[in-house]
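Asks: output the structure for:
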Amino acid sequence: MAISFNLDEIFEMAEEIEKNGANFYREAAKKVSDKKTQNMFVALAGMEDGHFQIFHEMRSRLSAADREPTILDPENEAAFYLQAMAESHGVEGKKDRATKFTGRETIKEVFEAAVDAEKLSIVFYSGLKKFVSSAGKEKIDTIISEEFNHLSILYNQLEKMP
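Replies: Numbering: from 1, shown residues only. This next block holds a predicted model:
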C-alpha cells in the first residue's frame, strides 16, 4: 500500500523532531551535575528550538498546493522512507526518549544517546531535501550543518571521557 505525504506533513514531522530534540537536551541537562555540561545541553536545546522555528516558518509559507499529496514516487521508496522516519521520529524526535532517562545513566551514556539522536536527525533531513524547493534545500543544508556541529561538540566531549 502506497503512503503519500505532502510538504505540510513532512514539515510537521521535522517540527516534532526538533521540539522533541530540544526536550531531550533539556532533560539531559537535568541528569548531569557538571554545570559546564548542563550549559552545553541547554545551548543545544536552544539550537533545536531555532531549527523548529525555521521549519515552522517554512511550513507556514506553504501554499494550498503544497498541502496536497505531491510526492511522485512510483516505486514507493520515498513513502517507505518517510513512513519509517515518521514512525520512529529518529531518536532525537522520539517523544519519550528524554523521559526514559532514569538518572542512573553515566554521563557517557547520555552523550552517546545524544550522538545517536543527531545522526538520525541528519539522515532524516538529508532525505527531506528531496521534497523541498531550492530555497528550502539551503535552509535544510544549514540545519544539517548545525546538526553536524552538534555531533562535533558531543564527540569532542566523548573523547575526553574515560
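Asks: flag every buried residue along stretch 126-145.
Replies: Using 16 or more other CB atoms under 10 Å as the test for burial, stretch 126-145 gives 127-128, 131-132, 136, 139-140, 143-144. C-betas here are computed from N, CA, C, even on glycine.
Asks: show the end-to-end separation of it, please.
Replies: Stretch 126-145 has an end-to-end distance of 11 Å (CA to CA, to the nearest Å).
Asks: the bottom helix or strand of the protein by mean pLDDT?
Replies: Taking mean pLDDT, DSSP states H and E as the measure, helix 77-88 is the helix or strand of the chain with the lowest mean score, a mean of 59.
Asks: the helices in the chain, which residues?
Replies: Ranges of helices in the chain, per DSSP state H, are 7-30, 35-60, 77-88, 107-128, 134-159.
Asks: could you check how far the spatially closest residue to residue 153 that is not a sequence neighbour is from residue 16?
Replies: Leaving aside its chain neighbours, residue 153 sits nearest to residue 40 (6.8 Å; criterion: CB to CB, 6 or more residues apart in numbering). To residue 16, residue 40 is 24 Å away according to CB to CB, to the nearest Å.
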